[in-house]
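Engineer: for reference, the sequence and a predicted model appear below.
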Amino acid sequence: MTQPHTGRSQTGGSGGSGADPSGLDVHTRDLSLRYGKTRALDDLDLDLGAGRIHGLLGRNGAGKTTLLSILASLLPSGGGVVEVGGRDPFEDEERMSQISLIREGGNTVGDETLSWNLDLHAAIRPTFDRDWAGHLVTQFGLSPDAKPDKLSRGQRSAANAILGLAARAPLTMFDEVHLGMDAPTRQLFTDLLIADVVEHPRTIILSSHLISEIEHLLETVTVLHHGRLLLSAEADDVRRRGVTITGPVAAVDALGRQLSVVAMRDLGPTRQITAYGELDERLLADAERAGLEVSAAPLQDLFIHLTADPTAGNTSGNTATSDPEALS
Ligand SMILES: Nc1ncnc2c1ncn2[C@@H]1O[C@H](COP(=O)(O)OP(=O)(O)OP(=O)(O)O)[C@@H](O)[C@H]1O
């Protein structure tokens, strides 16, 4: 089964009032925010430990950007408790300098050069590594003299990613930083991120719809749905509860009757099912011995299953039979 690749020990929340050397933890209780009649966040209780890589998932409009904006002090909360490193970050200048939120189009001054933008971030962020940022500009194939307004969407995303990486902020959040980046650039970003957090531990929150590309990085997984917390768990625990089983239709179906099947795909005479829940290890071992292929389930399947709208019909090829409660 897939393991997170940080090679670091798992840490709980750091608490306290200062920045833990390995990053800032996040704690919310009954956190809420409404835009008019829309409940963007609804009584959210969340604990994200310091020094870890957290995945924040959710369908469009689930409340991810709203949550990240509150943590970054761009928005006041509408009620409840929010603490970053033990303190409410809102209008707390010291905390704000330790928190970086990278989001599309939100981090650069568009009509100034990249070099100018890097200097600005170096001046306002105590942890910003200006030399490394300069190297990253070259690595991402950008020119220090380029102005963000004149870059392509993917290049602008790369420029934002550079600011987030080089900030080395104790709490660094990337909100859909991949938007527009091509596959090699996305790979470069995730490779750089994982290598740098090993050297300079900090708390990372990654929000992305490209779950398959980031899932190997994640140490915890949090899923929001309609502003509420659907799941927040160790990524390994989630992975341990999911398997895909592939093989001839009859043999897979026979096994599937004994499992909680949440997704099914057919490839010619071969059937693949995804099962989640309490797994009977002996049953799976027997299946492997019988020639069926048993492997870790993609997080994407769990995500689709958990966030499926029951009134919208079956759009994913899923046979949604299990109870989401069983997964939390
Ligand atoms: N400025 C705003 N005014 C009114 N409603 C808003 C505003 N910003 C967000 N919303 C609403 O709040 C809810 C949560 O939006 P949010 O942007 O946090 O979702 P998200 O999970 O980041 O979505 P996406 O994956 O599409 O970016 C949505 O229903 C959205 O329409």
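Structural biologist: Arrived safely, thanks for sending. Numbering: from 1, shown residues only.
Engineer: so, low pLDDT: which residues of the stretch 51-200 of the chain?
Structural biologist: For the stretch 51-200 of the chain, residues meeting the criterion pLDDT under 70 lie at 105.
Engineer: got the end-to-end distance for stretch 56-64?
Structural biologist: 7 Å (Cα to Cα, to the nearest Å).
Engineer: quick one: V197 from N117, how far?
Structural biologist: Distance, V197 to N117, by Cβ to Cβ, to the nearest Å: 23 Å. All C-beta atoms are positioned from the backbone trio N, CA, C, and that covers glycine.
Engineer: please read the previous query as pertaining to E219.
Structural biologist: 31 Å.
Engineer: repeat for T274
Structural biologist: Relative to N117, and taking Cβ to Cβ, T274 is found at 44 Å.
Engineer: ditto for H216
Structural biologist: 31 Å.
Engineer: these two - which one has more neighbours?
Structural biologist: N117 (23 against 14; other Cβ atoms under 10 Å).
Engineer: so what's the closest residue to the more buried one other than its chain neighbours up against?
Structural biologist: Spatial nearest neighbour of N117, chain neighbours left out: T108 (4.8 Å); criterion: Cβ to Cβ, 6 or more residues apart in numbering. T108 makes contact with L114, N117, P148, R156, A159, N160, L163 under the criterion Cβ atoms under 8 Å, 6 or more residues apart in numbering.
Engineer: where's the fifth one, which helix or strand?
Structural biologist: According to DSSP states H and E, A159 maps onto helix 153-167.
Engineer: start and end of stretch 234-253, how far apart?
Structural biologist: End-to-end distance (Cα to Cα), stretch 234-253: 30 Å.
Engineer: just the buried residues of it, please?
Structural biologist: Within stretch 234-253, the residues that count as buried by 16 or more other Cβ atoms under 10 Å are A235, D236, V238, R239, R241, G242, V243, T244, I245, G247, V252.
Engineer: centre of the chain to the helix or strand containing L41, how far?
Structural biologist: Assigned by DSSP H and E, L41 belongs to strand 38-48. Counting by Cα atoms, centre = their mean, to the nearest Å, strand 38-48 is centred 16 Å from the centre of its parent chain.
Engineer: show me what the biggest helix by length in the chain is packed against.
Structural biologist: Using DSSP state H to define each element, the chain has its longest helix at helix 183-199. Counting contacts by 3 or more Cβ pairs under 8 Å, 6 or more residues apart in numbering; DSSP states H and E, helix 183-199 packs against helix 130-139, helix 153-167, helix 211-214.
Engineer: one more pass at 6 Å, please.
Structural biologist: Here helix 183-199 touches helix 153-167, going by 3 or more Cβ pairs under 6 Å, 6 or more residues apart in numbering; DSSP states H and E.
Engineer: and after the helix it packs on, which helix or strand comes next?
Structural biologist: Sequence order places strand 171-175 as the next helix or strand after helix 153-167, per DSSP H and E.
Engineer: okay, now the sheet partners of that next one, with direction.
Structural biologist: Next to strand 171-175 in the sheet, as set by DSSP bridges, lie strand 99-103 (parallel), strand 203-207 (parallel).
Engineer: mean neighbour count, these: which tops it?
Structural biologist: Burial of the strands paired with strand 171-175 is given as mean neighbour count (mean count of other Cβ atoms under 10 Å); strand 203-207 ranks first at a mean of 25.
Engineer: can you list contacts of it?
Structural biologist: Under the contact criterion Cβ atoms under 6 Å, 6 or more residues apart in numbering, strand 203-207 has outside partners 23-24, 50, 53-56, 64, 171-175, 214.
Engineer: can you tell me how far the spatially most central residue of the chain is from S232?
Structural biologist: When Cα atoms, centre = their mean is applied to the chain, the residue found nearest the centroid is G55 (2.4 Å). Taking Cβ to Cβ as the measure, G55 falls 10 Å from S232.
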